[in-house]
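Colleague: Show me the folded form of this:
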Amino acid sequence: MLLHILLYNIAPVFFLIGLGYTLGKKFSLDTRSLSKLSVYIFIPSMIFQNLYETDIDLEQLIPVIFTVIFVILLSLVSTAAAKINRYSDSKKNSMKNAVMFYNSGNFGLPLISLVFANTPMVDNAISVQIMVMVSQNLLNYSFGFYNAARGIMDFKTSIKSVLKMPTIYAIMSALIAKAIPYDLRDFFLWPAVRYAANSLIAVNLLILGIQLSLTKFELKNKDVYFTAFLRLCMGPVIAYLLILLLRIEGVMAMVLLISSGLPTAVNTVLAATEFNNEPEFATQTVVVTTLFCLFTLPLVIYFARMIF
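Modeller: Numbering: from 1, shown residues only. Next up is the predicted model:
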């Protein structure tokens, strides 16, 4: 199973990152300009499509509630850790984003599909992970972007910057569209939304690779490894305690625990780049957590299968 995960989940991710790295070394590419394509076109399209197409019932709200509480707890833990280590405001907020937001989509969905493959639980498991992904994305593109802006701006300016982000209006538009008695998927421009949404993963990974080519990677940067420890090790521990507290059981509990051990979301690099909030630190953390999860995720998966 580990080999299958390496080949079909992780190898494609690193292939696109490597391709972006090569392009960044060969050509003079501006990551801030490239990230605007993602922030203003691809991300809103993905949010609108996912939120519009996801049927929400009371049971599916449990992963949403869990994710919100989980992110709040991770924020408190990472804030305390940043204060102990006396990080600057910009590094503190970059670290908080790296710990709070994980790769629940292009890494998490394939992983959950694989873990539950050939079992009657697979559809239920995937639906839970979709709700985690939607919740994470909504929080990332609202609170996460605010957090990145807050690292270099005062409160009022950072709020104004976030309100300029189209992701907020993509959420509102999707919710309004769901209430309209007409299926937008029958509208002739819907394929354009789908094409833009499907481009997000590849574009973000390429941007990560380009940003990495411009980053001076410090192998001895203990702050990066400390952040990776919080994301990959403390994350599952906090998630497990929260699952017990909320009395979540079965497949849902397994998915939420496995998902909590995923590496840092690539989109945290976009937020850091957009607001120039420690983009090198954010890039290094994404790469390190993605590499180290090769060793931590199998343990989390094994533990989840044993106890739930």
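Colleague: Now do the buried residues in the longest helix seen in the chain.
Modeller: Identified as the longest helix of the chain according to DSSP state H is helix 279-307. Neighbour-count burial for helix 279-307 flags 279-290, 292-293, 296-297, 300-301, 303-304 (criterion: 16 or more other C-beta atoms under 10 Å). All C-beta atoms are positioned from the backbone trio N, CA, C, and that covers glycine.
Colleague: quick one: average pLDDT of it?
Modeller: Rounded to a whole number, the mean pLDDT of helix 279-307 is 89.
Colleague: Who are the packing partners of that helix?
Modeller: Identification of packing neighbours for helix 279-307 by 3 or more C-beta pairs under 8 Å, 6 or more residues apart in numbering; DSSP states H and E yields helix 2-5, helix 11-26, helix 89-100, helix 190-213, helix 222-229, helix 235-246, helix 250-260, helix 267-274.
Colleague: Pipe those into JSON lines and attach distance to Ile159, mean neighbour count and mean pLDDT per row.
Modeller: Listed next are the helices and strands packed on helix 279-307 as JSON lines, based on distance: least, C-beta to C-beta, whole Å; neighbours: other C-beta atoms under 10 Å; pLDDT from 0 to 100:
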{"stretch": "helix 2-5", "distance to Ile159": "40", "mean neighbour count": "12", "mean pLDDT": "68"}
{"stretch": "helix 11-26", "distance to Ile159": "32", "mean neighbour count": "16", "mean pLDDT": "88"}
{"stretch": "helix 89-100", "distance to Ile159": "14", "mean neighbour count": "25", "mean pLDDT": "93"}
{"stretch": "helix 190-213", "distance to Ile159": "25", "mean neighbour count": "20", "mean pLDDT": "87"}
{"stretch": "helix 222-229", "distance to Ile159": "26", "mean neighbour count": "19", "mean pLDDT": "95"}
{"stretch": "helix 235-246", "distance to Ile159": "28", "mean neighbour count": "18", "mean pLDDT": "97"}
{"stretch": "helix 250-260", "distance to Ile159": "29", "mean neighbour count": "24", "mean pLDDT": "96"}
{"stretch": "helix 267-274", "distance to Ile159": "15", "mean neighbour count": "28", "mean pLDDT": "84"}
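Colleague: now those as CSV including distance to Ala177?
Modeller: Putting the helices and strands packed on helix 279-307 into CSV (distance: least, C-beta to C-beta, whole Å) gives the following:
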stretch, distance to Ala177
helix 2-5, 36
helix 11-26, 31
helix 89-100, 28
helix 190-213, 11
helix 222-229, 37
helix 235-246, 31
helix 250-260, 27
helix 267-274, 23
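Colleague: Nearest to Val132 among the ones you listed would be which one?
Modeller: Ranking those by proximity to Val132 (C-beta to C-beta) places helix 250-260 first, at 5.2 Å.
Colleague: what does that closest one rub up against?
Modeller: Residues outside helix 250-260 that contact it (C-beta atoms under 8 Å, 6 or more residues apart in numbering): 62-63, 66, 70, 102, 104, 108, 111-112, 115-116, 121, 124-125, 128-129, 132, 235-236, 238-240, 243, 248, 297, 300-301, 303-305, 308.
Colleague: distance between it and the chain's centre?
Modeller: Relative to its parent chain, helix 250-260 has a centroid offset of 16 Å by C-alpha atoms, centre = their mean, to the nearest Å.
Colleague: With stretch 189-200 instead?
Modeller: Counting by C-alpha atoms, centre = their mean, stretch 189-200 comes out at 19 Å from the chain centroid.
Colleague: Having no further points to raise, I will conclude here.
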